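# whatever this is, show me its structure:
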Amino acid sequence: MNERAQRRRGWFDQLTADISYNFAGFFIGLPAFVLAIALFSAGISTAIIYIGVFILVGGLYTARFFASAERQLGERNRGPLPPVYYKSGSNSSRLRAVLVPITDLQSWKDLIHAVVSFPVRVAAFSITLTWIAGALGAMTQWMWMRFIPGPPSDIWDLLGVDPALHWLFQFATGLVLLLTLPAVAKGLALLQRALAVGLLTNERRHLQERTEYLTNSRSSVVAAEAGTLRRIERDIHDGPQQRIVRMAMDLESAKRRLQPGDSETRELIEGAIDQSREALAELRSLSRGIAPPILIERGLPAAL
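Alright, predicted model coming up:
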């Protein structure tokens with residue numbers, strides 16, 4: 001399949017996806033709206049006798065179910081939506097876990113979406129259906145108009161158009177509706193998706209968790225690096241430094257045991273002692289610079 005055919009097929013697939021989304025959204029939104037209004041009203045009106053609280057919880061769980069269905073529709077239409085987070089009651093008692101949705105902001109947003117999105121879904125369903133029916137009906141009027149009993153009469157008669165040209169104007173109207181159908185269906189689908197993104201997702205919470213994860217990861221890396229530096233410093237102090245000190249002591253002991261006339265060996269030993277002292281001083285300076293105490297204890301600003 002060449003690139004043009006693939007583009008044509010992708011355009012048609014997206015059109016059918018938008019039309020399906022506009023139709024399916026109505027059939028999900030109707031029961032969601034009815035149940036949300038009924039359960040919320042019943043829950044609020046009977047909350048004084050406590051049973052209303054449980055009715056309200058049932059309404060919130062019902063709204064969550066329809067919100068999940070809406071998110072699945074939106075993802076099938078135009079790809080993944082931002083993540084959503086619900087308050088967990090796993091660490092609470094059984095009764096409190098059941099009542100968690102009442103204190104969960106996302107559960108209330110699901111309920112609000114069931115109510116607010118219903119007029120949009122009705123409009124999307126009606127406009128899409130009208131556009132499709134108008135396009136197909138107008139483009140085929142020349143064929144089925146003759147079977148309607150009685151004298152034909154339409155808007156073109158009121159506009160004074162020649163009856164012989166009615167079919168042409170009607171066909172042109174249907175063609176315009178057909179050509180604008182992708183834009184109309186896309187706009188209505190995007191409007192419903194915007195409501196879903198605004199009320200059924202929580203991208204801010206996702207970004208907060210991502211920030212916390214990166215902060216914790218950075219802290220872990222810094223702590224691991226500090227531990228590694230302290231270990232290197234300790235290894236240098238307990239290993240090479242002690243050996244150089246021992247070597248200097250051995251050289252001093254060998255120097256004291258030399259014969260008075262062995263000046264050349266004495267000079268060599270004294271030079272080796274001086275070099276060992278310089279090496280020890282450099283090694284100590286290096287070990288102190290690897291992990292300065294002020295840097296570890298008080299941070300970079302204080303160290304600078």
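
# got phi/psi on residue 140?
Backbone torsions of residue 140, given as degrees, to the nearest 10, read phi -110, psi 10.

# for it, what are its contacts?
Residues counted as contacts of residue 140 (C-beta atoms under 8 Å, 6 or more residues apart in numbering) are residue 174. No exception for glycine: its C-beta is placed from N, CA and C like everyone else's.

# buried ones in stretch 94-104?
Residues of stretch 94-104 classed as buried by neighbour count (16 or more other C-beta atoms under 10 Å): 99-101, 104.

# tell me which two in those residues are the farthest apart.
Of all pairs drawn from the buried residues of stretch 94-104, the one with the largest separation by C-beta to C-beta is 99 and 104; the distance is 9.8 Å.

# could you point out which element follows the lowest-mean-pLDDT helix or strand in the chain?
The least trusted helix or strand in the chain, going by mean pLDDT, DSSP states H and E, turns out to be helix 155-158, with a mean of 56. Downstream of helix 155-158, the next assigned helix or strand under DSSP states H and E is helix 166-200.

# which positions in that following helix come out as buried?
Quick answer for helix 166-200 (16+ other C-beta under 10 Å): 166-167, 169-170, 173-174, 177-178, 181, 184-186, 188-189, 191-193, 195-196, 199-200.

# repeat for stretch 112-124
For stretch 112-124, the neighbour count (16+ other C-beta under 10 Å) marks 113-114, 117-118, 120-121, 124 as buried.

# let me see the ranges of the helices in the protein.
The residue ranges that make up the helices of the chain, judged by DSSP state H, are 3-45, 51-78, 94-98, 105-139, 141-144, 155-158, 166-200, 203-238, 240-256, 263-290, 293-298, 300-303.

# give the contact list for the nearest residue to residue 26 once chain neighbours are set aside.
For residue 26, the nearest residue in space outside its immediate sequence neighbours is residue 125; the separation is 3.7 Å by C-beta to C-beta, 6 or more residues apart in numbering. By C-beta under 8 Å, 6+ apart, residue 125 lies in contact with 22-23, 25-26.

# give me that answer again for 7 Å
With contact set as C-beta atoms under 7 Å, 6 or more residues apart in numbering, residue 125 has these partners: 22-23, 26.

# from the residues you listed, which single one is nearest residue 247?
Proximity to residue 247 was ranked across the contacts of residue 125 by C-beta to C-beta; first place goes to residue 22, at 86.0 Å.

# among the buried residues of stretch 112-124, which two are most distant?
In the buried residues of stretch 112-124, two members sit farther apart than any others by C-beta to C-beta. They are 114 and 124, at 15.3 Å.

# from residue 46, how far out is the nearest residue to residue 191 once chain neighbours are set aside?
Closest residue to residue 191 in three dimensions, ignoring its sequence neighbours and counting by C-beta to C-beta, 6+ apart: residue 120, at 6.1 Å. To residue 46, residue 120 is 30 Å away according to C-beta to C-beta, to the nearest Å.

# how far away is residue 40 from residue 131?
The value you get for residue 40 to residue 131, if C-beta to C-beta is used, is 34 Å.

# and if you look at residue 265?
As defined by C-beta to C-beta, residue 265 lies at a distance of 107 Å from residue 131.

# what about these two, which has more around it?
Counted by other C-beta atoms under 10 Å, residue 265 and residue 131 do not tie: residue 131 has more neighbours, with 19 against 13.

# was I right about that one contacting residue 182?
No - using C-beta atoms under 7 Å, residue 131 is not in contact with residue 182; the gap is 10.1 Å.

# quick one, what contacts the nearest residue to residue 181 once chain neighbours are set aside?
Excluding the flanking residues, the one nearest residue 181 by C-beta to C-beta, 6+ apart is residue 131, at 5.3 Å. Taking C-beta under 7 Å, 6+ apart as the contact definition, residue 131 lies against 177, 181, 184.

# so for the last one, what's the pLDDT?
When you say that, I think you mean residue 184. Residue 184 is assigned a predicted lDDT (pLDDT) of 95.

# go on, the second one?
In this prediction, residue 181 carries a pLDDT score of 93.
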